[in-house]
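Enquirer: Have a look at this prediction, sequence included:
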Amino acid sequence: MDVIRRIGHNEIVEITTPVIITCNDGKYRLCGNFRSLNNYTNADRYPIPKIPHSLDKLVKAKEITKMDCMKGFHQHEVGPFSMNVLR
């Protein structure tokens, strides 16, 4: 896991302004335009698998799991040191 640390005021660069919107069900959702972060990150290359290859593996599967990642933004697990910094 990556380590998150407090940064000094001279290190802060404004990347984006977060926006909180109200959903139709009355709940809140944190949104932001994070495209400018691409200039500061290293892209991981994970090519999309070919469908026939995936189907061959799926046919042989004994267990199948379904995950709902619809509202998984900003919910990354961090290590104990980083948790103390984030409090």
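Expert: Nice, I can see it. Numbering: from 1, shown residues only.

Enquirer: Would you map the strands across this structure?
Expert: Assignment of strands within the chain using DSSP state E yields the ranges 19-22, 28-31.

Enquirer: Quick one: these as JSON lines, columns for mean pLDDT, distance to residue 79 and mean neighbour count too.
Expert: Glycine gets a C-beta too; all of them are placed from N, C-alpha and C. Shown next, in JSON lines, are the strands of the chain (pLDDT from 0 to 100; distance: least, CB to CB, whole Å; neighbours: other CB atoms under 10 Å):
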{"stretch": "strand 19-22", "mean pLDDT": "85", "distance to residue 79": "27", "mean neighbour count": "9"}
{"stretch": "strand 28-31", "mean pLDDT": "84", "distance to residue 79": "22", "mean neighbour count": "11"}
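
Enquirer: Out of those, which gets nearest to residue 51?
Expert: Evaluated over the strands of the chain, closeness to residue 51 peaks at strand 28-31, with 31.7 Å, by CB to CB.

Enquirer: could you say what helices and strands the closest one packs with?
Expert: If you count contacts as 3 or more CB pairs under 8 Å, 6 or more residues apart in numbering; DSSP states H and E, strand 28-31 packs onto strand 19-22.

Enquirer: Partner strands of the strand it packs on and their direction?
Expert: Sheet pairing for strand 19-22, assigned by DSSP bridges, gives strand 28-31 (antiparallel).

Enquirer: Contacts for the longest helix seen in the chain next, please.
Expert: Secondary structure of the chain per DSSP state H: the longest helix is helix 51-59. For helix 51-59, contacts defined as CB atoms under 8 Å, 6 or more residues apart in numbering pick out residue 64.

Enquirer: What are the boundaries of the helices in the protein?
Expert: Shown for the chain, the helices assigned by DSSP H span residues 51-59, 80-86.

Enquirer: Those helices: lowest mean pLDDT?
Expert: The minimum mean pLDDT among the helices of the chain belongs to helix 80-86 (a mean of 68).
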